[in-house]
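>>> Okay, sequence plus prediction incoming.
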Amino acid sequence: MFRRALREAAFILLASTLFGFGITAIYSKGFFAKEKPAVTKLRRLATLAPRMISATEAKAQFDGGQAIFIDARHEFDYKRGHIKGAVNVPLNSFNAEHIIATIPRDRVVIAYCDGIECNSSIELAGRLYDAGYSNVKIFFSGWQDWTSNKYPTEGSPK
Amino acid sequence: MKSLLANGYLVLLTRIFIGTMFVVASVDKIADANAFAVSIANYKLSPDALSMTVATVMPWVELISGLGILFGVVLRGSSLLAALMLVVFTAGVISALLRGLDISCGCFTQDPQVGKVSWLKVAQNTGALLLTLFLFYSNSAKFTLEEYLRGTRPEDVGESAP
């Protein structure tokens, strides 16, 4: 009984291999796709996905002068004080087209919010990434950590 | 148990259920091998080239085995492969769950929004695996295409199960 089962199984596997490669070749899919397989694209996306950075790394990026800090907090908080040079993009007024028009998509963008109690930096980073920004970072410990380190800020606390 | 294995109606019912399940599961994968390759790659168990090979061949194994089980041709080989696939799928899902991966199953649809891996899926697969093993050891050729074509029962039917 097992011999016969194995023979039949071998036959099915052989037929499947022929069909699988045959059909994908005819329709130019899978291995025979003209575009690179989606798996490669997926790998690329994974390597570009937003990463969390520490206050030290954020400061190093700040000193490098190339990165753009994006403040995900409410406008009220932003006006009271924010990382020097940061752009305010409150999550509820996120407009991908407007941001793309303002900030080139190949720039390093660092999203932050108040600190570990908030998630809007992560949410914002995700949306920036979806909008096509290829180098998004999340400064998760955010504003609290930045000020406790006495790093440069601007705004008018009252 | 022996009488269950020889019960033509029970075997037919199980064949329809399992056969249809495999045929249905294969359609979306055959239609889009790339999407299925991504589903496999998401489990992070195999290198890309292997994921792509599996995505090319395996949906057809599902389809042919499913049809084989449904119509009762090459039934032993089909149920053997079906059982093997279920074991591999279930192992993949369990390992994904243990590693805390938040991925879609890729079982019946390649839509990433539906069918996250879950312990329910493991339970379903285990149930399906038991039914498939039942088919493998069953010895009723009633209502099979093989029986119909030959006008007799297939050669090894009637042998006692090992």
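Sure, I can see it.

>>> Tell me which residues touch A:Asp114, please.
A:Asp114 makes contact with A:73, A:77, A:142-144 under the criterion CB atoms under 8 Å, 6 or more residues apart in numbering or on different chains. Yep, even glycine has a C-beta here, placed from its N, CA and C like the rest.

>>> Identify all contacting residues around stretch B:93-104.
B:39, B:42-45, B:105, B:111-119, B:121-122, B:125.

>>> Can you flag which of those belong to helices?
B:39, B:42, B:119, B:121-122, B:125 (DSSP state H).

>>> part of a strand, is A:Ile116?
No. The assignment for A:Ile116, made by DSSP: H, G, I helix; E, B strand; the rest coil, is coil rather than a strand.

>>> burial of it, as a residue count?
12 (other CB atoms under 10 Å in any protein chain shown).

>>> So it versus chain B, what's the distance?
21 Å (CB to the nearest CB, to the nearest Å).

>>> Report the rounded mean pLDDT for stretch B:91-109.
The average of the pLDDT scores along stretch B:91-109 is 88.

>>> right, I mislabeled it, should have said stretch A:130-146
90.

>>> What's the PyMOL line that selects buried ones from the contacts of stretch B:93-104?
Restricted to buried positions by 16 or more other CB atoms under 10 Å in any protein chain shown, the PyMOL selection for these reads:
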select buried, chain B and resi 39+42+43+105+115+117+121+122+125
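
>>> if we look at chain A, which of the contacts of stretch B:93-104 are close to it?
B:Asn42 (CB under 8 Å from any CB of the partner chain).

>>> rewinding a little: name the nearest of the contacts of A:Asp114 relative to chain B.
Minimum distance to chain B across the contacts of A:Asp114 is 24.4 Å, recorded for A:Gly142 (CB to the nearest CB).

>>> The closest one contacts A:Ile110, doesn't it?
No. Between A:Gly142 and A:Ile110 there is no contact under CB atoms under 8 Å: 10.1 Å.

>>> can you list contacts of whatever helix or strand A:Trp143 lives in?
Here A:Trp143, judged by DSSP states H and E, is contained in helix A:142-148. Applying CB under 8 Å, 6+ apart, the contact partners of helix A:142-148 are A:55, A:58, A:71, A:73, A:77, A:81-83, A:112-116, A:118, A:121, A:139, A:153.

>>> ditto for stretch B:75-85
A:1, A:4-13, B:15, B:18, B:22, B:58, B:61-62, B:64-66, B:68-69, B:129, B:132-133, B:135-136, B:144, B:146, B:156.

>>> Stretch B:49-60 too?
Under CB under 8 Å, 6+ apart, the answer for stretch B:49-60 is A:13, A:15-17, A:19-21, A:23-24, A:30-31, A:37, A:39, B:26, B:29-30, B:33-34, B:36-37, B:39-41, B:46, B:85.

>>> Show me what residue of chain B gets nearest to chain A.
Closest point on chain B to chain A, by CB to the nearest CB, is B:Gly77, at 2.3 Å.

>>> For chain A, which residues are neighbours of chain B?
A:1-2, A:4-13, A:15-17, A:19-21, A:23-24, A:29-31, A:33, A:37-40, A:42-43.

>>> is any part of the helix or strand of chain B at the bottom of the mean pLDDT ranking close to chain A?
Taking mean pLDDT, DSSP states H and E as the measure, helix B:2-5 is the helix or strand of chain B with the lowest mean score, a mean of 81. No. Helix B:2-5 lies out of reach of chain A by CB under 8 Å from any CB, never closer than 12.2 Å.

>>> and B:Ser138, what does it touch?
So B:Ser138 contacts B:5-6, B:11, B:14 (CB under 8 Å, 6+ apart).

>>> Next, give phi and psi for A:Ile53.
Here is the backbone geometry of A:Ile53 (degrees, to the nearest 10): phi -130, psi 160.

>>> Count residues in the vicinity of it, would you?
A:Ile53 is flanked by 19 other residues according to other CB under 10 Å.

>>> does the nearest residue to it once chain neighbours are set aside count as helix, strand or coil?
In space, and not counting its chain neighbours, A:Ile53 is closest to A:Lys137: 4.9 Å by CB to CB, 6 or more residues apart in numbering or on different chains. Following three-state DSSP, A:Lys137 is assigned to strand.
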